[in-house]
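A.B. asks: coords please:
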Amino acid sequence: MRVQTVSSGADSGANEDVVAFHEAAGRLDLLVIDGGTSVAERDYIDPERGDVVWFAQGFADQLARYAHMGLPQHECVHRAAASLHEEFLERAGGAEVPLHAWPIGAMTWARIEDAGQGRRLRLYSLGDCTTLLCTPDAGVVDLDPFVNPQEAVLQAEIARLVAEGVTDAAQRRARLLPMLRARREAQNSGPSPSILCLKPAGPFAARTIDIALPPGSSLLVTTDGFYRLVSPYGLYTSEELALRCLGLGLGAVLDELRAYERASFGGAALAVKRADDASAILWQHH
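C.D. replies: Model prediction:
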């Protein structure tokens, strides 16, 4: 068994992604968290690292804590949220933090467990990370295809701004900010959140999968920033991306991503951010 990880900030600023893996008796947990870019005017909780970094790293730490207790994934996530929310209130020190400033994130948690003569995969996903299963017989399968319904709304608004001549990324983001903040408030207050947040009003609407892993399988989990190589850049198909990661290693593929972004805007006219934090974890069973 072999695990590779890679995580890179989009620029010299903070990296709001987290990748981690933890082994226990008969179990391996692979975790990818993609902190949602803040739409607040400042950091309220952790001015040094940034609220989103605090959130993503804090969730990863809390999940590891509860996972070591042997709890089911859904229970770990809810307990982690409750613990982190308590710390959030303590750090706020009684000050009111606007709801749009409460951090959120996407997360995929792949739990691989021994099962008789083979292994099982239990996948728990919130948000838009990508999970690709590579098997000797079936090739590459997207285990959790997900289309963010908000993305079409956002792209339509960006296209409208571009048509108006607003091509500067900072100006475009300023024009989008009211819509982005309204969306963030809805994500933080919904009755069954489909993203990772601090105070879910009900059970997380996680997408879950429980399958047997064929012998010789590999698993690639990426944030949307790493997956830009497939969409929107179109440099590879998902199958080509997975096979390239297996053949070259995650570091070399990340270098290709950053080289492309340096050489080209790579669809930035239709994006809020020219580049994004990019992270991935690759598990190979030999």
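
A.B. asks: CA only for contacts and neighbour counts going forward, please
C.D. replies: Noted.

A.B. asks: let me see the mean pLDDT of stretch 186-198.
C.D. replies: Stretch 186-198 shows a mean pLDDT of 95.

A.B. asks: now do that stretch: distance to the chain's middle.
C.D. replies: 15 Å (C-alpha atoms, centre = their mean, to the nearest Å).

A.B. asks: sec struct for residue 39, please.
C.D. replies: coil (DSSP: H, G, I helix; E, B strand; the rest coil).

A.B. asks: tell me the buried residues in stretch 228-241?
C.D. replies: By neighbour count on 16 or more other C-alpha atoms under 10 Å, the buried set for stretch 228-241 is 228, 229, 230, 233, 238, 239, 241.

A.B. asks: what of stretch 67-76?
C.D. replies: Using 16+ other C-alpha under 10 Å, the residues of stretch 67-76 that count as buried are 67, 73, 76.

A.B. asks: and the residues you listed, which is closest to residue 216?
C.D. replies: Minimum distance to residue 216 across the buried residues of stretch 67-76 is 24.8 Å, recorded for residue 73 (C-alpha to C-alpha).

A.B. asks: surely the closest one and residue 124 touch.
C.D. replies: Yes. With contact defined as C-alpha atoms under 8 Å, residue 73 counts as touching residue 124 (7.2 Å).

A.B. asks: which of the buried residues of stretch 67-76 fall in helices?
C.D. replies: 67, 73, 76 (DSSP state H).

A.B. asks: check contacts around the last one.
C.D. replies: If I follow you right, that is residue 76. Neighbouring residues of residue 76 by C-alpha atoms under 8 Å, 6 or more residues apart in numbering: 63, 66, 67.

A.B. asks: 10 Å instead?
C.D. replies: Taking C-alpha atoms under 10 Å, 6 or more residues apart in numbering, we find residue 76 in contact with 62, 63, 64, 65, 66, 67, 68, 69, 70, 82.

A.B. asks: give me the common contacts of residue 73 and residue 124.
C.D. replies: Joint contacts of residue 73 and residue 124 (C-alpha under 10 Å, 6+ apart) are 109, 110, 111, 208.
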